[in-house]
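S.K.: Have a look; sequence and predicted model below, questions after that.
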2 protein chains.
Amino acid sequence: MDAMEAIFSRRSVRRYADKPVPEELVQKLLAAAMNAPSARNQQPWQFVAIDDRDMLHEIGEINPNAKMAQRAPLVILVCGDPGLEITEGYWVVDCAAAVENMLLAAHALGLGAVWTGVYPRQGRMDGLRRLVGLPEGIMPHSLVVVGYPAEQPSPQDRYLPERVRRNRW
Amino acid sequence: MDAMEAIFSRRSVRRYADKPVPEELVQKLLAAAMNAPSARNQQPWQFVAIDDRDMLHEIGEINPNAKMAQRAPLVILVCGDPGLEITEGYWVVDCAAAVENMLLAAHALGLGAVWTGVYPRQGRMDGLRRLVGLPEGIMPHSLVVVGYPAEQPSPQDRYLPERVRRNRW
């Protein structure tokens, strides 16, 4: 799939076929995420690939916006690792860039995915920390729910010319 | 350019040809940014496209990591607009997804770009707010410096298998 087409046709996919995501594609999603830019190339991220059915069920309970995880084959929990930072404070944006790469890669690979926010919601962060057994310094950032799409949302043109200024506000 | 190739071959480009970025491509970069996902599709972003030479010079003074703006034809200042949020607190990650789309689009369109962080550095935020005349509620988030590339950094494989866990930490 063409890169611009991937950017413009990607939509959130919340319904999935009853079919696992092959290991090879899981790796490609993670590699795409890790090829995101980060402040001073610090790569302050960690990933937990979750396909355990009980855990996927629990994720939907912890984060009501991730209810679709209960019927998905896979969730990638993206975590920030501020301990890896030389320049403090950018892990939040760096992890978001990694998530966006993963979403585009999923779409380009014929998968469907949806990003559900975790950070900065303390309740969701605590719940996921407990569920996955995250060490104290590791920050749950986002949940990416992935599967083969059982719906095909149409592309949406979100360009708003009024959001653009030239040189000055 | 293929989407996966764009993700895996994109690198920061910090040296640019002495050539403006055509208006049509500026629009495509902005449209790519605005097609990023955002929490509840709130699209809490605003953009300032800067090509005024004095302002580009000043940007390099305000943010030493954006020194290359002084020899670039274009900078896009990406701002968060928390006033557009229904669900508070996600503008930081949403704007980062928009930046990543813009970087990938630049690469796919034959341009080169580099992301230089602004938020959460208060000094940089204050300096850009003054320079561009941003209203109080608008948060300078990132500077994307863009031009035709005068360097071609080689792709870098950043995949680190030790950053991936299965189900539990």
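M.R.: Received the coordinates, thanks.
S.K.: quick one, strands of chain A?
M.R.: Secondary structure of chain A (DSSP state E): strands located at A:45-50, A:74-80, A:112-117, A:139-147, A:164-166.
S.K.: Next, the angle from the fourth one to strand A:74-80.
M.R.: When you say that, I think you mean strand A:139-147. 160 degrees (axes from the mean of the first three to the mean of the last three Cα atoms, to 10 degrees).
S.K.: circling back: mean pLDDT added to the strands of chain A, as CSV?
M.R.: Putting these into CSV (pLDDT from 0 to 100) gives the following:
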stretch, mean pLDDT
strand A:45-50, 98
strand A:74-80, 98
strand A:112-117, 98
strand A:139-147, 98
strand A:164-166, 98
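S.K.: got the contact list for residue A:19?
M.R.: Residues near residue A:19 by Cβ atoms under 8 Å, 6 or more residues apart in numbering or on different chains: A:73, A:147-148. Heads up, the C-betas are built off the backbone N, CA and C, glycines and all.
S.K.: Buried by neighbour count, from those residues: which ones?
M.R.: Buried members of the contacts of residue A:19, counted by 16 or more other Cβ atoms under 10 Å in any protein chain shown: A:73, A:147-148.
S.K.: Nearest to chain B among the residues you listed?
M.R.: Nearest to chain B, judged by Cβ to the nearest Cβ, of the buried ones among the contacts of residue A:19 is residue A:73 at 13.1 Å.
S.K.: I'd guessed the closest one sits against residue A:16; true?
M.R.: Yes. With contact defined as Cβ atoms under 8 Å, residue A:73 reaches residue A:16; the gap is 6.5 Å.
S.K.: any residues in contact with both of those two?
M.R.: With Cβ under 8 Å, 6+ apart, residue A:73 and residue A:16 have common neighbours A:146-148.
S.K.: Would you tell me which one of these comes nearest to residue B:35?
M.R.: Residue B:35 lies nearest to residue A:146 out of the shared contacts of residue A:73 and residue A:16, by Cβ to Cβ, at 19.7 Å.
S.K.: Return the set of residues that bridge with that closest one.
M.R.: With DSSP bridges as the criterion, residue A:146 is bridged to residue A:74, residue A:113.
S.K.: what about residue A:42, how many residues close to it?
M.R.: Residue neighbour count, defined by other Cβ atoms under 10 Å in any protein chain shown, stands at 17 for residue A:42.
S.K.: So residue A:88 sits against residue A:94, correct?
M.R.: No. Residue A:88 is beyond contact range of residue A:94, at 11.7 Å (criterion: Cβ under 8 Å).
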